[in-house]
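[1] Fold the following and give me the result.
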Amino acid sequence: MTGAIEPAIGDPPQAPAVRDRAAGAGVPGPAFAVLGALSLSHLLNDLVQSLLPAIYPLLKTQFRLDFGQIGLITFVFQVTASVLQPVVGIYTDRRPLPFSLAFGMGSSLVGLLLLSVAWAYGLLLLAAGLVGFGSAVFHPEATRVARLASGGRYGLAQSVFQVGGNAGTALGPLLAAFVVVPHGQGSVAWFSLVALAGICVLALVGQWYAGRLRAVPRPATRAGAPAARVLSRRRVGLTIAILLTLIFSKYFYLASFSSYYTFYLIQRFGVSVAQSQIYLFVFLGAVAAGTILGGPIGDRFGRKPVIWGSILGVLPFTLALPHADLVWTVVLTVPIGMILSSAMPAILVYAQELLPGRIGLVGGLFFGFAFGMGGLGAAVLGEVADHAGITAVYALCAYLPLIGLAAVFLPRLAR
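    As a prediction, the model looks like this:
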């Protein structure tokens, strides 16, 4: 693995890192058909998930919810995913489960159908939990498959995989604006067709994945790529903690958009619900664009420069946002989304290089932590909005990118 670090941490008994590299060595380059299918399934998965926050204004009115209750829905969804993802990742590092991808989408399908017919707040929370469980099952194994299909271009593979999720997240509010808002809560059930399509795509990906696992013999010895240097267990743990701190700053800020940006636009500028969803789509589209750029740039120039640029480069724009008019608010969300999101592929590949052979754990831990921080951010910022007003949320969050200064303590890898 290019620029990998061999920490003083033992690989699991079955050493999936060898299968990872051996599978990738059989092809001259990335398996773009598989990466495309993964990206498409990620789009469908996250489109389903994004419908939940996209219809918050509708649910707020229909169920007479306050911002704290809105935040709790997000908290249940994202913490369910956060807690379970590392557990799934640890298990699948030892015993890969190719068809768990389709199973996870099935859980999201059930949650979606429940959301469409929920008549009480408790059922909304249950639906959010089911969708969160589906995400917890999906992401760790999908991360591993993306690396298997990378052909050694790990940053590119992560970008292609993740951009599908960001595109799905961006499409959710747009579809909610033109489908759910005019037709009501019951129309959410129409999107069960999306989940069914995702199950079909993931079943095919699972077949490819199972075939790759069968084709590569199980190694008898521990594997490891040539190491740029050896880090102690303590240094590896500290570096992972720094990366998670950067994820905290990124996703806590993103929570202010995914859960409350529509309310901010409606309250401050008097736009309609449908208009606010379109403006949210602009921001989420910028997030998708930044994700697809971050991985290849990291492959070319190294992970740490991308992390530095994405975390601190966004600060001038976040500081200006709370003081902008409607037009400039929409304009500023474009560089904010692009710069902020470019970090995630680089952070994930950086962590994979720190912990070779723990691909599922890394995917589960980082995606899970991101979900958890998004959920915590939604809950905390909901209380801030209830007590200090929705505009105070963005004045407070403007300074979150300063936490990116912690990147100075990251060791520099070969990539």
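[2] Give me the below-cutoff pLDDT ranges for the stretch 301-415 of the chain.
    Where the stretch 301-415 of the chain drops to pLDDT under 70, the residues are 302, 357, 360, 363, 371, 375, 412-415.
[3] can you give me the helices for it?
    303-312, 315-320, 326-341, 343-354, 359-388, 390-397 (DSSP state H, counting those that start in this stretch).
[4] got the CA positions of the second one in PDB?
    Coordinates of each C-alpha in helix 315-320 appear next as PDB, following Å, rounded to 0.1, in the frame of the first residue of the first chain:
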ATOM      1  CA  LEU A 315     -13.000  29.500   7.800                       C
ATOM      2  CA  PRO A 316     -13.300  32.900   5.900                       C
ATOM      3  CA  PHE A 317     -16.500  31.700   4.300                       C
ATOM      4  CA  THR A 318     -18.100  30.400   7.500                       C
ATOM      5  CA  LEU A 319     -17.400  33.700   9.300                       C
ATOM      6  CA  ALA A 320     -19.000  35.700   6.500                       C
END
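[5] Sort out which residues of that helix are buried, please.
    Neighbour counts over helix 315-320 (16 or more other C-beta atoms under 10 Å) mark 315, 317-318 as buried. The C-beta positions use only the backbone N, C-alpha and C, and glycine is treated the same way.
[6] In terms of secondary structure, what does that helix contact?
    Judged by 3 or more C-beta pairs under 8 Å, 6 or more residues apart in numbering; DSSP states H and E, the packing partners of helix 315-320 are helix 326-341.
[7] Now with 10 Å, please.
    In terms of contacts (3 or more C-beta pairs under 10 Å, 6 or more residues apart in numbering; DSSP states H and E), helix 315-320 is packed against helix 326-341, helix 390-397.
[8] residues making contact with that helix?
    253, 256, 324, 328-329, 331-340, 394-395, 397-402, 404 (C-beta atoms under 10 Å, 6 or more residues apart in numbering).
[9] Now list the buried members of these.
    Counted by 16+ other C-beta under 10 Å, these give 253, 256, 329, 331-340, 394, 397-398, 400-401, 404 as buried.
[10] Nearest to the spatial middle of the chain, which residue is it?
    Compute the mean C-alpha point of the chain, and by C-alpha atoms, centre = their mean the closest residue is F367, 5.5 Å away.
[11] How about the contacts made by Q277?
    54-55, 57, 172-178, 180-181, 261-262, 265, 271.
[12] Once you drop chain neighbours, what's closest to it?
    A177 (3.5 Å; C-beta to C-beta, 6 or more residues apart in numbering).
[13] neighbours around the one you found, how many?
    Using other C-beta atoms under 10 Å, A177 is surrounded by 23 other residues.
[14] Could you do T391 as well?
    13.
[15] I figured it hits L265, correct?
    No. The criterion here is C-beta atoms under 10 Å, and T391 misses it with L265 at 11.0 Å.
[16] re earlier: any idea how far L175 is from the closest residue to the residue nearest to the centre of the chain other than its chain neighbours?
    Nearest non-adjacent residue to F367, counting by C-beta to C-beta, 6+ apart: H139, 4.2 Å away. Separation of H139 from L175 (C-beta to C-beta, to the nearest Å) stands at 22 Å.
[17] which of those two has more neighbours?
    Neighbour tally, H139 and L175, criterion other C-beta under 10 Å: the higher count belongs to H139, 30 against 20.
[18] Now do the contacts for the more buried one.
    H139 touches 42, 45-46, 81, 84-85, 88-89, 101, 104, 161, 165, 360, 363-364, 366-368, 370-371, counting by C-beta under 10 Å, 6+ apart.
[19] so the helix or strand where it lies versus helix 343-354, what angle?
    Using DSSP states H and E, H139 maps to helix 121-148. Counting by axes from the mean of the first three to the mean of the last three C-alpha atoms, to 10 degrees, helix 121-148 lies at 60 degrees to helix 343-354.
[20] Beyond helix 121-148, next helix or strand please.
    Going down the chain from helix 121-148, the next helix or strand is helix 154-175, by DSSP H and E.
[21] send the alpha carbons of that following helix over as PDB?
    Written as PDB, here are the backbone C-alpha positions of helix 154-175 (Å, rounded to 0.1, in the frame of the first residue of the first chain):
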ATOM      1  CA  TYR A 154      -7.400   4.400  -2.800                       C
ATOM      2  CA  GLY A 155      -8.300   8.100  -2.600                       C
ATOM      3  CA  LEU A 156     -10.100   8.000  -6.000                       C
ATOM      4  CA  ALA A 157     -12.000   4.900  -5.000                       C
ATOM      5  CA  GLN A 158     -13.200   6.600  -1.700                       C
ATOM      6  CA  SER A 159     -14.200   9.700  -3.600                       C
ATOM      7  CA  VAL A 160     -16.200   7.800  -6.100                       C
ATOM      8  CA  PHE A 161     -17.900   5.800  -3.400                       C
ATOM      9  CA  GLN A 162     -18.600   8.800  -1.100                       C
ATOM     10  CA  VAL A 163     -19.800  11.100  -3.900                       C
ATOM     11  CA  GLY A 164     -22.700   8.800  -4.500                       C
ATOM     12  CA  GLY A 165     -23.800   9.300  -0.900                       C
ATOM     13  CA  ASN A 166     -23.400  13.000  -1.100                       C
ATOM     14  CA  ALA A 167     -25.300  13.100  -4.300                       C
ATOM     15  CA  GLY A 168     -28.100  11.100  -2.700                       C
ATOM     16  CA  THR A 169     -28.100  13.500   0.300                       C
ATOM     17  CA  ALA A 170     -28.400  16.400  -2.100                       C
ATOM     18  CA  LEU A 171     -31.200  14.900  -4.100                       C
ATOM     19  CA  GLY A 172     -33.300  14.100  -1.000                       C
ATOM     20  CA  PRO A 173     -34.300  17.700  -0.300                       C
ATOM     21  CA  LEU A 174     -35.000  18.400  -4.000                       C
ATOM     22  CA  LEU A 175     -37.300  15.400  -4.300                       C
END
